[in-house]
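Student: heads up, no residue letters with this:
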């Protein structure tokens, strides 16, 4: 069975053509999202990309058993309409993404949240492949997440389970894009790091971190924070300390709730590796007193850039198999 | 199949004899725990209570297919030893409670956390009986909890999933009995309410709440807070506002993580009914922006005092059936 998976991001579209039995990626392609062109143009570009990626793998779209579309937000699984994709221009309110792609490709299309697709792939094939209960977090511009048990995604109402970026970490904290206050995303996302850096660098012009960002504090990336912290830059170290303190408390709350055997961190912030993982593990150990934390592995994702598209493909395969 | 369930609490022991097929409680009994007498005496009292309760139901202990023992803390399911029951004198560190009862009763004994037993019973027979995913909280002296999916308890590592009393609500909050800071239990348990009342009443001697407690601020119960708040007592209303603000945020975090269709609140604090539920629902609606909260029922428990013992009995029945 051949499947296609799409990871529709705020800046980039990734497509993978996958053989279900082996879960092997046969071919993959990338294109810019360019969301200001509007949903029709973006969906047309996705359809074209699916066709060319199928051709690379020696197939046509007609060979696909199903197509999975990972979207960065909320959608309706039954209708295939998007409800709210805040990182795309116009937020894609009630866009018939599934039906449109179905019409363009002639194959069944299943929507999934992009972070849940990532978690599914990492659970089946990546860092969580030997675990029973997996919690995954995508620490990118925003924070997404998902939960998998026995190799199956925990869906919750409309596939919304695992929205861990919007855990309240501070009842009176900063306003989040979602409208709530003090969400984890306001403390530990890439955007939160850039904001925190801009704030701290305003009074620390001598910081190596500002130099790495070419003098533009708002351009600071997680990788720059890691590099400057490793060189003992005080601003970078204080940013890292605050991020890991809140992220650690957020992971601790997930561990306390779910008592999982594996927590997977992915995305640009997780690429900080042990600079992030070591302090996060320490916070979890300190805050989770009623859980056997020695048996909770807190690890970095393994599958890299294709995880989302691969997970979306596997999701479509699983959904298609369930239909009699 | 006849089962016995035991709810071992800090102050009281409840025993229920249950017919598995109908889940009907055939007989029940209660006795004081009197934990300062030590584990041997307490376990002996439990065994006697099981015998007398069986006799009330027209059976003997030999007729029991299995016995479930709900304990207020952490235990080892495989060995039946308790690890840490903080509300019992001496904390029952490594007490062979399961083997001792097995020896006394001659029947298989299965341990379960008391809050998880409550959640199992409410899920199968109480407020969650038509729900797919249930999160339950026991708001008593402390706060316990559990998660059930498709009528089965989510166990996690060593049965520790659902320890929601120890969700960090404030990274720098009050020290909790568990050693962590800012746990939900320090804001919304019966003990937290009594502490908050003592603090507020020190500067409000005219409060009706102090009158209801007979002048002893440390004796304030959740029921007194409800009564005084209904009579427009300002201190009681401010206590209720703080409790529901934190409890609401805690429930919101559980809803954001699990996207359940039912949240059940039990215990003495939950007996405040709509005085508690209405503001908690408002906080959840305000903080959960990515979940279809209209479909999350937040309700009071239905089964009353026998829920824990009944759940422990059903747990033992389920565990016994799994053995070939």
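Tutor: Thanks, I have the structure now. Every value quoted in this text rests on a predicted model; they were computed, and no experiment measured them.

Student: and whichever residue of the stretch 201-324 of chain A sits closest to chain B, what's its pLDDT?
Tutor: Among all residues of the stretch 201-324 of chain A, residue A:259 sits closest to chain B, at 2.5 Å; criterion: Cβ to the nearest Cβ. (C-beta placed from N, C-alpha, C; glycine too.) Note for residue A:259: predicted pLDDT of 97.

Student: how about it: what's its closest non-neighbour residue?
Tutor: Here the nearest residue to residue A:259 in space, its sequence neighbours aside, is residue B:156; by Cβ to Cβ, 6 or more residues apart in numbering or on different chains that works out to 2.5 Å.

Student: hang on, the one you found packs against residue A:133?
Tutor: Yes. Taking contact to mean Cβ atoms under 8 Å, the distance of 6.7 Å between residue B:156 and residue A:133 places them in contact.

Student: overlap in contacts, the two.
Tutor: When contacts are counted by Cβ atoms under 8 Å, 6 or more residues apart in numbering or on different chains, the set common to residue B:156 and residue A:133 consists of A:258-260.

Student: now, these that are in helices?
Tutor: Members of the shared contacts of residue B:156 and residue A:133 lying in helices (criterion: DSSP state H): residue A:258.

Student: and the closest residue to chain B within the stretch 51-200 of chain A, its phi and psi?
Tutor: When scored by Cβ to the nearest Cβ, the stretch 51-200 of chain A has residue A:156 as its residue closest to chain B, at 2.5 Å. Summarising the backbone geometry of residue A:156 under the convention degrees, to the nearest 10, its torsions are phi 70, psi -170.

Student: how much space separates it from residue A:145?
Tutor: According to Cβ to Cβ, to the nearest Å, residue A:156 stands 12 Å off from residue A:145.

Student: how many neighbours does the nearest residue in space to residue A:173 that is not next to it in sequence have?
Tutor: Excluding its sequence neighbours, the residue lying closest to residue A:173 (Cβ to Cβ, 6+ apart) is residue A:182, at 2.4 Å. Under the neighbour criterion other Cβ atoms under 10 Å in any protein chain shown, residue A:182 is assigned a count of 22.

Student: likewise for the one 3 residues further on?
Tutor: Using other Cβ under 10 Å, residue A:185 has 27 other residues around it.

Student: that one is in contact with residue A:169, isn't it?
Tutor: No. With contact defined as Cβ under 8 Å, residue A:185 does not reach residue A:169; the gap is 9.4 Å.

Student: residue most distant from the centroid, chain A?
Tutor: Most distant from the centre of chain A: residue A:206, at 34.0 Å, with distances by Cα atoms, centre = their mean.

Student: wasn't that one part of a helix?
Tutor: No. Going by DSSP: H, G, I helix; E, B strand; the rest coil, the assignment for residue A:206 is coil, not a helix.

Student: show the contacting residues for it.
Tutor: Contact criterion Cβ under 8 Å, 6+ apart gives no residues in contact with residue A:206.

Student: can you check the pLDDT for it?
Tutor: On pLDDT, residue A:206 comes in at 95.

Student: what does residue A:218 give?
Tutor: Per-residue confidence (pLDDT) for residue A:218: 89.

Student: swap in residue A:112?
Tutor: With respect to pLDDT, residue A:112 has a value of 97.

Student: one more: residue A:10?
Tutor: Per-residue confidence at residue A:10 stands at 87 (pLDDT).

Student: look at the closest residue to it other than its chain neighbours and say how many residues are nearby.
Tutor: Once flanking residues are discounted, residue A:10 sits nearest to residue A:87: 3.5 Å by Cβ to Cβ, 6+ apart. If you count neighbours by other Cβ under 10 Å, residue A:87 ends up with 19.
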